[in-house]
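1. I would like the atomic coordinates for the input below:
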Amino acid sequence: MFNSYNFLAGQNRKMTDKQKIFLPGSDQQLRFLTGEINMSGMLTAVFGSGSQRIARRLSEETKNKVELIVEDYESLITAELELSNSPEVKTRMMSFSATDFESDSFDLVYAQASVSGTSRVKILKEIKRILKPGGILCAGEIVRLSKETPRFVLDVWNSSGLSPVYQDEIESYYKEKNFSIVKSADLSKTLKDFYTMGAGQLKRNLGQMTEQEKSFNKKLINRMSHETNVYLKQGGDKHIGFRVLIVKNEK
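-> Numbers count the residues shown, from 1 in each chain. Okay, the predicted model is just below:
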């Protein structure tokens, strides 16, 4: 579900500031950051598909250009269409763990549900490289709410390429990577809205798809439906959480 924004939202959806951010953490991660940090003048990179509105809002907050990084062609096309009237945001397709930016390029990196995968170590290393000394990372992380995670939840994470850290250990994890904690918050309550919105959008999309399109996307549809049911109907909410951290790069 976390990487399925383009399929659910559709490439022709017009972006407006009245719409919720369709990512785990919803609008709350961005609000948390803007309430804690004066970002005026900051050069910013945003990591993650579905982050178009975030990138535009950050360009308004910083009054500076923003680089939006996505990892696949479909996300690139979707972002460019939605940001066609926002020249201050440049969208690029790169691996999160190996960008083309020079070292010490950014004052701020923003990542919402895009660093919680099995490549987290490499991604954080790359973020540290492109962040200036003392630069800020705002990371929204899928976290484990329980020490003993049941198999049905682990299966969801494995199918999505996720490797969440236990909620009580996430700050220590970032400290070990030589970040200092500025502030963090639990945004797990936003996940119910996220999965409910996803279920509704999936239902609407299926109603508009041909049988051939359904057949072509069968594997993705089944995975998304399963993830939604796990959280909303099978008790996944007791094990799947979301936490936002504002951390400083201590080089």
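2. So what does Val46 look like in phi/psi?
-> As for Val46, its main-chain torsions (degrees, to the nearest 10) stand at phi -110, psi 130.
3. Phe47 too?
-> Per-residue torsions, Phe47: phi -100, psi 120 (degrees, to the nearest 10).
4. start the count at 29, not 1, going forward
-> Understood, numbering begins at 29; the last thing we discussed is Phe75.
5. out of everything not next to it in sequence, what's closest to it?
-> Ala139 (4.2 Å; C-beta to C-beta, 6 or more residues apart in numbering). For the C-beta atoms, the positions are set from N, CA and C on the backbone; glycine is no exception.
6. For that neighbour, name its beta-bridge partners.
-> Beta-bridge pairing for Ala139 (DSSP bridges): Phe75, Ala167.
7. mind listing what it touches?
-> Applying C-beta atoms under 8 Å, 6 or more residues apart in numbering to Ala139 gives the contacts 74-76, 124, 151, 155, 165-168.
8. for those residues, which one is nearest Ile198?
-> For the contacts of Ala139, the closest approach to Ile198 (C-beta to C-beta) belongs to Ala167, at 9.2 Å.
9. isn't Ala126 right up against Ile151?
-> No. Using C-beta atoms under 8 Å, Ala126 is not in contact with Ile151, being 9.4 Å away.
10. Show me which of these two is the more surrounded one.
-> Ile151 (22 against 12; other C-beta atoms under 10 Å).
11. and the one helix or strand the more buried one maps to, what other elements does it pack with?
-> Assigned by DSSP states H and E, Ile151 belongs to helix 148-158. The contact analysis (3 or more C-beta pairs under 8 Å, 6 or more residues apart in numbering; DSSP states H and E) places helix 148-158 against strand 72-75, strand 134-140.
12. helices or strands up against the helix or strand Gln240 falls within?
-> Per DSSP H and E, Gln240 falls inside helix 239-244. For helix 239-244, not one helix or strand is in contact under the criterion 3+ C-beta pairs under 8 Å, 6+ apart.
13. on that earlier part again, Serialize the contacts of Ala139 to CSV and add fields for distance to Arg85 and pLDDT.
-> Below are the contacts of Ala139 laid out as CSV (distance: C-beta to C-beta, whole Å; pLDDT from 0 to 100):
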residue, distance to Arg85, pLDDT
Val74, 10, 97
Phe75, 15, 97
Gly76, 14, 93
Phe124, 20, 96
Ile151, 22, 96
Ile155, 20, 97
Leu165, 17, 98
Cys166, 12, 98
Ala167, 17, 97
Gly168, 15, 96
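14. how about the strands in the stretch 179-279 of the chain?
-> Here the stretch 179-279 of the chain has its strands, by DSSP state E, counting those that start in this stretch, at 193-194, 207-214, 268-277.
15. Next, give phi and psi for Gly163.
-> Residue torsions, per degrees, to the nearest 10, at Gly163 are phi -70, psi 160.
16. Around it, how many other residues sit close by?
-> Gly163 has 24 nearby residues by other C-beta under 10 Å.
17. Over to Ser103?
-> 22.
18. Pull up the gap between it and Gly78, please.
-> Ser103 sits at a distance of 8 Å from Gly78 (criterion: C-beta to C-beta, to the nearest Å).
19. Noted, bye for now.
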